[in-house]
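Enquirer: Generate a structure from the sequence data that follows.
(2 chains, ligands or ions: 4)
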Amino acid sequence: MTKKTLVVIGNGMVGHKFLEQMIAKKAIDDWHLVTFCEEPRVAYDRVNLSGFFSGKTAADLTLVEPGLYQDHNIQIYVGDKAIRIDRDHKTVTSANGITIGYDNVVIATGSYPFVPPIPGKDTQGTFVYRTIDDLEAMAAHAKSAKVGVVIGGGLLGLECANALKHMGLETHVVEFAPRLMPVQVDDAGGTVLKNKIEALGVAVHASKSTTAIVSENGRVTKMQFADGDELQTDMIVFSAGIRPRDEIARDCGLAVGDRGGIVINDHCQTSDPDIYAIGECALYDNRIYGLVAPGYTMATVVADNLCDRGSNAFTGADMSTKLKLLGVDVASFGDAFSKTSGAKEFAIIDSIQGIYKKIVVDESGDRLLGGILVGDASAYGNLLQLMQNQIVLPPHPEDLLLPPREGQSSFAMGVESLPDTAQICSCNNVTKGQICSAIQEQGLTDIASVKKCTQAGTGCGGCVPLVTDLLKDQLKKAGVEVKNHLCEHFAYSRQELYHLIRTQKIETFDQLLAGHGQGKGCEICKPAVGSILASAWNDYVLNPPHVGLQDTNDAFLANIQKDGTYSVIPRIPGGEITPDRLIVLGEVAKEFGLYTKITGGQRIDLLGARVDQLPLIWKRLIDAGFESGHAYGKALRTVKSCVGSTWCRFGVQDSTSLAIEVELRYRGLRAPHKLKSAVSGCTRECAEAQSKDFGIIATENGWNLYVCGNGGIRPQHAQLIAEDIDKETLIKYIDRFLMFYIRTANRLERTATWLNKLEGGIDYLKQVVIHDSLGICDELEAEMAHQVETYACEWKTTIDDPTKLMRFRHFVNVDQPDPSLVHVEERGQKRPAFDDEKELVITGERS
Amino acid sequence: MIQALPTQSLINQWVTICPIEQILPNTGVCALVEGQQVAVFRVGDGTEIYALSNYDPFSKAFVLSRGIIGDRNGIPKVASPIYKQNFNLQTGQCLDDETVRIPTFAVRVIEMQVQVSV
Ligand code: SRM
Ligand SMILES: Cc1cc2nc3c(=O)[nH]c(=O)nc-3n(C[C@H](O)[C@H](O)[C@H](O)COP(=O)(O)OP(=O)(O)OC[C@H]3O[C@@H](n4cnc5c(N)ncnc54)[C@H](O)[C@@H]3O)c2cc1C
Ligand code: SF4
Ligand code: FES
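Expert: Ligands and ions are numbered 1, 2, ... in the order given. Predicted structure coming up:
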């Protein structure tokens, strides 16, 4: 049998998917496949195009495994555009003059960015955002630009704004409609989104119509709006929507829609049954699908039908989307605008945290029809499953938007309750059943191999949490232990190791390794175990069995700086310090030539100490009554205070005294991560207690306790756990809380992150800490009591033991400091020299 | 006694730097040998010993002797205390960046004295 010839026009995401499907179906035995690829490179991942700006190369983005087309005898013409289909002679001709006779054609030409007809739109400095070439041009221009504007505040426009911001430009978004993302989000959601995005430093100009782009010396300089306003800018990116590339179909007389798009039927056939159209160029049921998933479905439908006529049909696609735009979660799904008759809406707006959630349910309130989530889209996966699988909703559908009612678990859909037909990955159309059988039949145990075998999770990535849950659930059912191993040396989680160490009274790393580990350990397990041993037994961390476990900061009881010198931060409990002690700090700093700075934690940092100076400095400090501030350890850092009722006219309790008491109680306590606290004397909260791991605020009747807050990388407010309690109760709750955290958290997991993962959240924590629901509070309190009793200042112990001091030398064989250290003076103090200054100092040109 | 693989074939002269017990098990020290800063590591509590340059090319500071010792898939290594890149103690090869390798030095333990040759 002679092979038939099939020409695929366009080698974008969907064109490539179609070829993959043909390969998978072994159709290459019957077909001679030819494809024209207009771009200078084969298909790449356009969905993740913006990754180009965060360092991904064209090679990283490619979708075509090297050799794939050659191995399957697929003829590809790269950099050659198909320009004509001659339906009478059944040929396709390209710009380079190649003509191929065909039996069938698949058009997968995608779309192009629409550029509104604004005067000046072609000036140098204007761009579109569609191909790798576009991005290369933008990056080149941005080097000499300070301000960038995106015209269009839809999905792509916001993604593009993110890219401009990453390139360091002052970024603006100009939107014609009154709100951002007009297609996916309603007015209320648009307002929340706008506030969030503006808070990130991107200026949003809604309801603005651009009338002209003005240039100077051939380069963009500003834009003018219909309302008379102007905006200065160095570059403009158009993201005002897409238009299907249907020209080749138009020219050969195929039916196209009024507003463009190649008309297709359920089999993705055009008005010529031998010619198919798929992806963003195709118009189905009067609609263009600007997402990749529907295009992939079309590709599968055509491949199925070519191999087995009439076997599959396209019936439209779900346009649900979830994205992270500029770090803000946005999701929109189903009937987001309540178009179904009788539909009811429930919504919550939290304008402080910038969260908007809306669900649309049917008249009876039984089924979910759609919804919009802005600011927090964590519920997206569950809601989508509820909608797609027509699951009957709980009696109060609004509960889906709220934290669980007291004493109830949330109505979250466990993966186990989904039917096998539930679609888990919409990008690649993979169902729960397919994923489960792949896991079972091929014995998959990690997420990477599940992705590889099933393709689930390889598109937008939105379904990965669900796929992970599925994997865990399957492994659990199969009796396979789900791995949460610390590292290659210990097949245990931190929590399990903590338990082993406590119950078996293990006192050293070597004992633990011999009994429960393998190899020699590493920089992950050693400090983690060192920390557990310290939390459990409070042994001096520089004792010989422990010293090699410590990160350099703990190993030298000081924070290492970029040049290898250290900082010294003595404890100043509650931030209170006498003038005499202040003078000592000044004298010591002067004598040893240390750079001096007030820290963000109400204490004083002396920087630039050489390793050999540390014991001398600490000797002076200890003699003056100071002790270690543990600024180097994953341990209690500071308890900040305000002046409180002693001085402040508003204070209702003595916050300073309490802060000092709390700091002294928990000083030296080692934990999975550092711990910070604060005490404020009234609700004005000058000590910022609500940003701490545990924070205390005075009330008229006692104290309020807040837990699990932090500043830092992802700020999160602490949550109220107990109100108006007296001091004894307060200390008892903090003891329990801290020890429970130390028992159960992962390594380097701060309390806020720990709480976020704790099943049942703050309510569960309340049950454990206040109502003793696990019956462990006595133990927790006893463990803390042991810590408090056995506290000793590590620096004092070190100074008092000459053998310990041996390690504080730069060279073991000569008495000489590190000769590579170079400092220069700035504002009357020293600082480490920059690389280019080092030579100048050495040659004497700078002191 | 185990000896690290020397990078240079010619061993000039052994310099005694300290008695072995001055290097606590599973820690490192730094020695100044003919003007060079050499990091010497003691793996375990016996005489398994290695010598590398003390210069961390990533932080540009002389600090490697203060890193944590361990192994990756059985290869003995040290993690830089500043940005945590790992170096193979036997070869000086950086395990996290194949383009980086730092000098190693010959080292041995004779009569419980540690000796280095640069
Ligand atoms: C010295 C100080 C900056 C200053 O000059 O003010 C400082 C300096 C460092 N901070 Fe900080 N932080 C300092 C206050 C803070 C604060 C403010 C506060 O405590 O009120 C925060 C935000 C509050 C918080 O932690 O929730 C802060 C959030 C961080 C973070 C992010 C933590 C997070 O959970 O996201 C890190 C990174 C880490 O710990 O992993 C960090 C890490 C560091 C390290 C240890 C980085 C390092 O590994 O070298 C810096 C040590 C410098 C040094 O060698 O001394 N530092 N750091 C402050 C010392 C306070 C003290 O007296 O002990
Ligand atoms: C920045 C960006 C982010 C996106 N993010 C998402 C997302 O998060 N989720 C999502 O679902 N979708 C997203 N999309 C949309 C997604 O990329 C498209 O839906 C998808 O690429 C459509 O595939 P396609 O094959 O139809 O078109 P394309 O991928 O555009 O491929 C068409 C190809 O055909 C070529 N071509 C055109 N005419 C001819 C001709 N005559 N001869 C030869 N070749 C021709 C074109 O040059 C192009 O290479 C994003 C798009 C962009 C630009
Ligand atoms: S928190 Fe209250 S008591 Fe403390 S300083 Fe502020 S206003 Fe005064
Ligand atoms: S839903 Fe996009 S990768 Fe699965």
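
Enquirer: CA only for contacts and neighbour counts going forward, please
Expert: OK.

Enquirer: Around chain B, which positions in chain A sit nearby?
Expert: A:488, A:519-523, A:544-545, A:547-552, A:560-564, A:810-814, A:818, A:820 (CA under 8 Å from any CA of the partner chain).

Enquirer: Can you turn the buried part of those residues into a ChimeraX selection?
Expert: With 16 or more other CA atoms under 10 Å in any protein chain shown as the criterion, this ChimeraX line picks the buried residues out of the residues of chain A next to chain B:
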select /A:488,519,520,521,522,523,545,547,548,549,550,551,552,560,561,563,564,810,811,812,813,818
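
Enquirer: For ligand 1, tell me which of the residues of chain A next to chain B show up nearby.
Expert: Among the residues of chain A next to chain B, the residues within reach of ligand 1 (CA under 6 Å from any ligand atom) are A:560-561.

Enquirer: So which of the residues of chain A next to chain B are in strands?
Expert: Using DSSP state E, the subset of the residues of chain A next to chain B located in strands is A:Ile560.

Enquirer: any idea of the pLDDT on residue 3?
Expert: The chain I'm using is chain A. Here the pLDDT value assigned to A:Lys3 is 89.

Enquirer: that's the wrong chain, I wanted chain B
Expert: At B:Gln3, pLDDT is 38.

Enquirer: Check chain A for its longest helix and report it.
Expert: Secondary structure of chain A read by DSSP state H shows that its longest helix is helix A:727-744.

Enquirer: just checking, what packs against that one?
Expert: Contacts defined by 3 or more CA pairs under 8 Å, 6 or more residues apart in numbering or on different chains; DSSP states H and E place helix A:727-744 against helix A:494-503, strand A:702-707, helix A:761-769, helix A:777-789.

Enquirer: Starting from that helix, tell me the next helix or strand along the chain.
Expert: Per DSSP states H and E, the first helix or strand lying C-terminal to helix A:727-744 is helix A:751-757.

Enquirer: ok, that following helix near ligand 1 or not?
Expert: No: Helix A:751-757 stays clear of ligand 1 (CA under 6 Å from any ligand atom), getting no nearer than 8.3 Å.

Enquirer: which of the residues in stretch A:327-341 are buried?
Expert: Under 16+ other CA under 10 Å, the buried positions of stretch A:327-341 are A:328-338.

Enquirer: Report the central residue of chain B.
Expert: For chain B, B:Ala51 is the residue whose C-alpha lies nearest the centre (CA atoms, centre = their mean; 2.7 Å).

Enquirer: Next, see if the strand or helix carrying that one gets close to chain A.
Expert: B:Ala51 is located in strand B:48-53, with elements delineated by DSSP H and E. No: Strand B:48-53 does not reach chain A (CA under 8 Å from any CA); its nearest approach is 12.6 Å.

Enquirer: where's that strand relative to the chain centroid, distance-wise?
Expert: In terms of CA atoms, centre = their mean, to the nearest Å, the centre of strand B:48-53 is set 3 Å apart from its chain centre.

Enquirer: Alpha carbons only: can I get that strand in CSV?
Expert: C-alpha atoms of strand B:48-53 as CSV (Å, rounded to 0.1, in the frame of the first residue of the first chain):
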residue,chain,number,x,y,z
GLU,B,48,41.6,9.6,57.1
ILE,B,49,42.8,13.0,56.1
TYR,B,50,42.6,15.4,53.1
ALA,B,51,44.1,18.7,52.0
LEU,B,52,42.5,21.3,49.7
SER,B,53,43.0,25.0,49.1
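
Enquirer: neighbouring contacts of it?
Expert: For strand B:48-53, contacts defined as CA atoms under 8 Å, 6 or more residues apart in numbering or on different chains pick out B:1-4, B:36-43, B:64, B:89-90, B:92, B:102-109, B:116.

Enquirer: Return the subset of those lying in strands.
Expert: B:36-43, B:106-109, B:116.

Enquirer: on that earlier part again, now the buried members of the contacts of strand B:48-53.
Expert: Of those, these count as buried by 16+ other CA under 10 Å: B:4, B:37-43, B:64, B:89-90, B:92, B:102-109, B:116.

Enquirer: From A:Asn195, how far off is A:Gly201?
Expert: Distance of A:Gly201 to A:Asn195, computed by CA to CA, to the nearest Å: 10 Å.

Enquirer: Chain A contacts on chain B?
Expert: Within chain B, the positions near chain A by CA under 8 Å from any CA are B:17-18, B:24-27, B:29-32, B:59-63, B:66-74, B:76, B:79, B:81-82.

Enquirer: PyMOL command to pick out the buried ones of the residues you listed?
Expert: Selecting only the buried entries of those in PyMOL, with 16+ other CA under 10 Å as the criterion:
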select buried, chain B and resi 17+18+24+25+26+27+29+30+31+32+59+61+62+63+66+67+68+69+70+71+72+76+79+81+82
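
Enquirer: Cross-reference the residues of chain B next to chain A with the strands and report the matches.
Expert: Reading strands off the residues of chain B next to chain A with DSSP E, I get B:17-18, B:27, B:29-32, B:61-62, B:68-72, B:76, B:79.

Enquirer: Which one of the residues in the stretch 1-150 of chain A is closest to ligand 1?
Expert: Of all residues in the stretch 1-150 of chain A, A:Ser54 sits closest to ligand 1, at 22.0 Å by CA to the nearest ligand atom.

Enquirer: Hmm, I typed the wrong one, I wanted chain B.
Expert: Using CA to the nearest ligand atom, the single residue of chain B nearest to ligand 1 is B:Ile82, 8.2 Å away.

Enquirer: Show the backbone phi and psi for that residue.
Expert: Phi and psi for B:Ile82, reported as degrees, to the nearest 10, are phi -90, psi -70.

Enquirer: same deal with A:Asp835?
Expert: Main-chain torsions, A:Asp835, degrees, to the nearest 10: phi -50, psi -50.

Enquirer: sorry, back to before: mean pLDDT added to the helices and strands packed on helix A:727-744, as CSV?
Expert: Shown next, in CSV, are these (pLDDT from 0 to 100):
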stretch, mean pLDDT
helix A:494-503, 88
strand A:702-707, 97
helix A:761-769, 91
helix A:777-789, 94
